[in-house]
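Trainee: model this:
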Amino acid sequence: MPAPSRLEQIAERVERLLVRHEEVQRTNALLQDQLALLTRERDALKARLAAARTRLDALLDQLPADPPESTPTRR
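Mentor: Take a look at the predicted model:
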């Protein structure tokens, strides 16, 4: 079997590069999907945090401004 010509070597390399390119494109698409999912999850968590802060602020506003005077303890 004769050694592959330079042109055949280049063709094989181009084929391998095309296969690798397709793999990278698929990986990139999966990563883009994962990024979109995580971005939505982050945004939902930020919204929940803001709502919790609002509820907490409302509860804090209901507390009396001055704490009640403590009664002296007997010894």
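Trainee: I'd like to know how far D66 sits from T54.
Mentor: D66 is 24 Å from T54, where distance means Cβ to Cβ, to the nearest Å. The way it works is simple: take the backbone N, C-alpha and C, and place the C-beta from them, glycine included.
Trainee: quick one: which of the two has more around it?
Mentor: Neighbours per residue (other Cβ atoms under 10 Å) separate D66 from T54, with T54 holding more: 10 against 6.
Trainee: quickly find the element holding the more buried one.
Mentor: Using DSSP states H and E, T54 maps to helix 6-62.
Trainee: so how far is that helix from its chain's centroid?
Mentor: The chain centre lies 7 Å from the centre of helix 6-62; the measure is Cα atoms, centre = their mean, to the nearest Å.
Trainee: quick check: mean pLDDT of it?
Mentor: The average pLDDT for helix 6-62 rounds to 98.
Trainee: for that helix, name the packing helices and strands.
Mentor: Contact here means 3 or more Cβ pairs under 8 Å, 6 or more residues apart in numbering; DSSP states H and E; on that basis helix 6-62 packs against no helix or strand.
Trainee: tally of neighbours for E15?
Mentor: Per other Cβ under 10 Å, the neighbour tally for E15 reads 10.
Trainee: for L60, see how far away it is.
Mentor: To L60, E15 is 67 Å away according to Cβ to Cβ.
Trainee: now do the SS call for P64.
Mentor: Secondary structure, DSSP: H, G, I helix; E, B strand; the rest coil: P64 is coil.
Trainee: how much space between it and L17?
Mentor: Per Cβ to Cβ, P64 is found 73 Å from L17.
Trainee: one more: T54?
Mentor: Taking Cβ to Cβ, one finds T54 at 54 Å from L17.
Trainee: give me phi/psi at S5?
Mentor: Backbone geometry at S5, expressed as degrees, to the nearest 10, gives phi -70, psi 170.
Trainee: how close does it get to H21?
Mentor: Look at S5 and H21: by Cβ to Cβ, they are 24 Å apart.
Trainee: state the distance from the closest residue to P4 other than its chain neighbours to E23.
Mentor: Of all residues not flanking P4 in the chain, E12 sits nearest, at 7.3 Å (Cβ to Cβ, 6 or more residues apart in numbering). Distance of E12 to E23, computed by Cβ to Cβ: 17 Å.
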